[in-house]
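Chemist: prediction below, plus the sequence it came from.
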Amino acid sequence: MKVQKTIKVGGMSCVRCSAAVEHAICAVDGVEGCSVSYANGRAEVIFDDERVNIKTLERAIKKAGYEVLEDVREAKKREFKGNLRLFIFSLVFSLPFFIMMALMFIIPESSVVHFLHNGILQLIFATPIQLVAGWRFYRGAFKSLMNKSPSMDLLVALGTTASYAYSVYSLIANGAYGTFYFESSAMIITLVLLGKTLESRARARTNEAIEKLTDLAPKSATVVRNGVEEVIPVSDIIVGDIILVRPGESIPADGIVVKGESHIDESALTGESMPVAKRVGDKVFGGTVNGNGSFYFRAEGVGGDTVLSGIIRLVEEAQSTKAHIQSIADKVAAVFVPAVTGISLITFLLTYFIGYNALDALDSAVAVLVIACPCSLGLATPTALMVGIGRGASNGVLIKNADALEQACAIKAIVLDKTGTLTEGKPSVRETVILDGNENSVVYAASAEAGSEHPIGVVIASLCKEVLECESFESVTGKGVIARINGKSVLVGKPDWIEKECNLKLDDGVIALASGGNTLVVCAIDGQPSVAFAISDAVRSNATDSVHRLKALGIRTVLVTGDNEETARAVANTVGVDEYIANVLPDGKVKEIERLKEKYKTVAMVGDGINDSPALAASDVGFAIGSGTDIAIESGDIVLVGSDISALSFAMMLSRATMRKIKQNLFWAFFYNVIGIPLAAFGLLNPIIAGGAMAFSSVSVVTNSLLLKRVKLKQTERNEAVFNEKRA
């Protein structure tokens with residue numbers, strides 16, 4: 001059986017390490033796919049659990065020289081502290097070199113400079129840096145060579161060893177005042193460790209969204225067992241427990257309110273700022289915050305089965321996926337280290353043979369080695385994705401994978417469902433007209449719809465407290481239901497379907513009930529019209545603003561609905577969509593999406609994630625509307641946890657902002673290497689400056705990605721203002 005599991009991996013120092021882990025896992029028989037993210041230390045593995053188990057995969061990771069972790073967050077903290085300790089250690093021993101270089105610019109002939117230039121003294125200070133602080137680079141280089149995936153550690157190890165080894169040779173051959181490069185090897189290691197320290201700190205911040213979601217769950221809960229209240233750890237809650245939630249407390253599990261009422265702040269899950277009223281029978285969710293009232297609820301989802309846990313898993317999995325654009329960086333990174341090593345060797349040979357001395361040739365070769373940084377290429381895409389996906393989760397937009405975020409950036413047209421998307425999804429009967437003079441006809445209609453799951457069928461069924469038993473029942477998708485009750489044939493559904501099935505023509509007065517945006521439903525008993533219902537579903541209060549924001553972003557909006565022309569036109573005019581298509585059955589929505597794809601290339605679909613699933617799957621990006629009670633995770637590429645489409649424009653802007661950051665990161669990563677390596681090869685770059693530049697290249701990429709947290713996404717409002725001016 002094919003399964004997907006997440007393994008938390010530690011010990012990766014750059015993107016080439018993630019490639020090595022990926023290669024090690026994929027080499028295991030039974031593994032069908034694997035994606036390893038250096039940025040968040042996770043491996044998503046698809047495998048046949050009848051041929052391989054998780055322990056075998058973990059052994060493969062350990063054999064490759066990496067760790068299997070329980071808690072990535074703690075591992076990142078340890079990594080940061082470890083890098084910080086090594087940096088401080090290296091900095092202390094590097095201070096004499098920094099002092100010497102500073103004084104050489106100010107008072108080059110001073111006795112202090114002469115004293116610090118002593119080779120024996122420099123050897124004493126440089127050796128601990130090279131062998132203690134620099135040991136991590138030797139270890140990483142050896143590991144990468146064993147895995148046939150050369151990493152950045154190899155470049156640093158080669159460059160600093162060359163400088164250090166030559167200096168030792170010069171000391172032995174020429175005495176205490178020869179020509180040395182101890183300061184180069186020492187300061188390169190110190191600067192690279194500084195970069196690693198800042199990078200590990202910054203990378204930890206890319207997961208702040210996950211940490212905030214994780215911290216939403218309280219540590220304890222007040223449970224009522226055998227009539228007695230007791231405070232227990234949240235992990236001890238079991239399904240069926242009655243839990244008391246006092247004002248201001250976080251809700252510890254998912255469940256149903258059984259006593260009391262309050263207002264709940266669900267903004268952490270849905271992004272909606274207004275508290276939601278909760279009464280007996282309403283659902284509540286773990287991680288949300290109670291308002292002023294106290295209430296009791298029965299636990300139904302605990303531990304890993306809560307909505308909050310599902311959201312956290314979804315975000316973690318999405319952050320581990322790779323966008324298509326990342327393949328460019330991956331292809332370059334795969335050949336980067338061998339290519340740079342070759343360029344360094346060629347630089348040394350050419351520089352030496354065209355007449356420069358060996359020291360100048362070594363200087364240029366070392367500069368080439370340390371200026372190159374595949375990490376910035378490897379971090380360019382995943383860090384921006386992690387921050388973007390995390391920010392989306394914090395605002396009620398759950399992005400299931402990187403491709404969805406990338407595709408959303410290119411959307412040109414968006415198909416909107418009506419019921420539950422533009423409207424409240426809670427239809428009500430506005431008018432009932434009995435056509436055959438028999439009031440029992442309403443009972444027959446309600447009884448026939450009692451087995452229906454369609455929102456309109458449910459509202460008709462609710463008209464009668466007691467219904468008759470159906471001898472048979474059949475649901476005709478997109479048209480209505482057929483039932484047999486007390487020996488009578490009962491059809492309830494669309495007027496045109498009733499006319500066709502019963503071979504009759506409805507009066508104009510009945511058809512007129514569909515005016516004003518009402519949906520007309522007719523019941524026929526034994527082939528004769530018996531009762532008609534005018535049903536309407538109120539348009540959401542913010543649907544019009546949401547549609548205008550989408551149009552302000554240059555996106556074509558199309559309403560596609562199974563309702564009649566009159567209803568579709570009324571809703572379309574109210575919310576202001578660009579076009580509408582009525583009388584479309586569920587399979588017809590797929591055809592409309594395919595037609596729109598031919599015209600607009602990239603088309604999205606927004607639906608309730610249940611009966612719109614074929615259309616959601618057919619679109620380039622499917623947006624599933626959640627309601628807080630059912631986030632419909634399996635239905636769309638992006639899930640809007642809130643109960644309306646107000647988050648759609650935010651999702652579009654977030655996608656565009658994230659892709660801008662990715663492109664900026666990739667540009668600077670490529671630009672940095674394209675400019676830096678030739679400068680180093682032509683001897684125009686000091687190895688120490690090269691080391692510092694390399695160290696900060698990765699930091700700059702991660703820092704640029706973190707700026708997504710501060711993007712206010714106000715362009716939507718500005719575009720909307722422009723749109724409103726044009727419309728006026």
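Modeler: Looks like it arrived, so ask away. Residues are numbered from 1 along each chain as shown.

Chemist: which other helices and strands contact the helix or strand encompassing Val458?
Modeler: Assigned by DSSP states H and E, Val458 belongs to helix 455-461. Packing contacts for helix 455-461, counted by 3 or more CB pairs under 8 Å, 6 or more residues apart in numbering; DSSP states H and E, involve strand 428-434, helix 440-449, strand 519-525, strand 528-536. Every residue, glycine included, has its C-beta placed from N, CA and C.

Chemist: may I ask which helix or strand encompasses Leu706?
Modeler: If you go by DSSP H and E, Leu706 is part of helix 687-706.

Chemist: re the thing from before, any chance of JSON lines for the helices and strands packed on helix 455-461, columns mean pLDDT and mean neighbour count?
Modeler: As requested, the helices and strands packed on helix 455-461 are arranged in JSON lines below (pLDDT from 0 to 100; neighbours: other CB atoms under 10 Å):
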{"stretch": "strand 428-434", "mean pLDDT": "90", "mean neighbour count": "14"}
{"stretch": "helix 440-449", "mean pLDDT": "94", "mean neighbour count": "24"}
{"stretch": "strand 519-525", "mean pLDDT": "92", "mean neighbour count": "26"}
{"stretch": "strand 528-536", "mean pLDDT": "92", "mean neighbour count": "22"}
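
Chemist: with distance to Leu116 added, can I get those in JSON lines?
Modeler: Listed next are these as JSON lines, based on distance: least, CB to CB, whole Å:
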{"stretch": "strand 428-434", "distance to Leu116": "87"}
{"stretch": "helix 440-449", "distance to Leu116": "91"}
{"stretch": "strand 519-525", "distance to Leu116": "88"}
{"stretch": "strand 528-536", "distance to Leu116": "87"}
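
Chemist: dump the helix holding Val458 to CSV, restricted to CA.
Modeler: Once non-C-alpha atoms are left out, helix 455-461 reads as follows in CSV (Å, rounded to 0.1, in the frame of the first residue of the first chain):
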residue,chain,number,x,y,z
PRO,A,455,-29.0,22.5,0.6
ILE,A,456,-32.3,23.3,-1.2
GLY,A,457,-33.6,19.7,-0.5
VAL,A,458,-32.7,20.1,3.1
VAL,A,459,-34.6,23.4,3.5
ILE,A,460,-37.7,21.8,1.8
ALA,A,461,-37.5,18.8,4.1
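
Chemist: I would like the residues contacting it, please.
Modeler: Helix 455-461 is contacted by residues 419-420, 425-429, 445-447, 449-450, 452, 467, 481, 492, 519, 521, 533, 535, 537 when judged by CB atoms under 8 Å, 6 or more residues apart in numbering.

Chemist: also stretch 159-179?
Modeler: Contacts for stretch 159-179 (CB under 8 Å, 6+ apart): 117-120, 122-123, 126, 130, 134, 137, 180-182, 184-185, 188-189, 344, 359, 362, 365-366, 369-370, 687, 691.

Chemist: same check on stretch 193-200?
Modeler: For stretch 193-200, the surrounding residues in contact (CB under 8 Å, 6+ apart) are 13, 76, 79-80, 83-84, 86-87, 90-91, 133, 375, 379, 694-699, 702.
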